[in-house]
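Undergrad: Generate coordinates for the sequence data below:
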Amino acid sequence: MRLYLDASTIVYSIEGITPVRDAAIARIDEAEGSSGGIILTSRLSCLECRVKPLRDRNTELLSYYDRFFTRASLRVIEIGPAIIDCATELRARYGLKTPDAIHAATAIVEGADMLFTGDRDLLRCAELKVQVL
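TA: Next up, the predicted model:
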């Protein structure tokens, strides 16, 4: 399984309250444990997840994110022209916010089997299988 995570699911897996955190971790573990399982995310997630710990000078929390973004099963996808073009179309078609459109476009361009998110707005994206945490 190729599971795409947006920043919200990564945050939930690290900082979420117990039932939400556990659900996020279980889904990630399930994908990693599947045959050929890989986790995908955009370079945008690195920015979105690391800003608050950096601003707050919370080195402990920052180290959790840094470990997450270097895990063996994770591919961090760079935002290139194909993703921007796709995100532009998704934003125009569904009225998604720019970061959500970039996440959805990255999942589509990279052939993700599912986008796992905490954002219900992404359910509008018919081109993807979306699961909301």
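Undergrad: What does residue 116 show for phi and psi?
TA: Backbone torsions of residue 116, given as degrees, to the nearest 10, read phi -110, psi 120.
Undergrad: Do I have it right that it meets residue 5?
TA: Yes: assessed by CB atoms under 8 Å, residue 116 is found in contact with residue 5 at 5.5 Å. The C-beta positions use only the backbone N, C-alpha and C, and glycine is treated the same way.
Undergrad: between these two, what contacts are shared?
TA: Applying CB atoms under 8 Å, 6 or more residues apart in numbering, one finds that residue 116 and residue 5 are jointly contacted by residue 28.
Undergrad: Would you indicate which residues of whichever strand or helix holds residue 104 are buried?
TA: Taking DSSP states H and E as the criterion, residue 104 maps to helix 98-109. Residues 99-109 are the ones in helix 98-109 that count as buried (16 or more other CB atoms under 10 Å).
Undergrad: same for that helix, what does it pack against?
TA: For helix 98-109, the elements it packs on are strand 2-5, strand 38-42, helix 43-55, helix 81-94, strand 114-117, judged by 3 or more CB pairs under 8 Å, 6 or more residues apart in numbering; DSSP states H and E.
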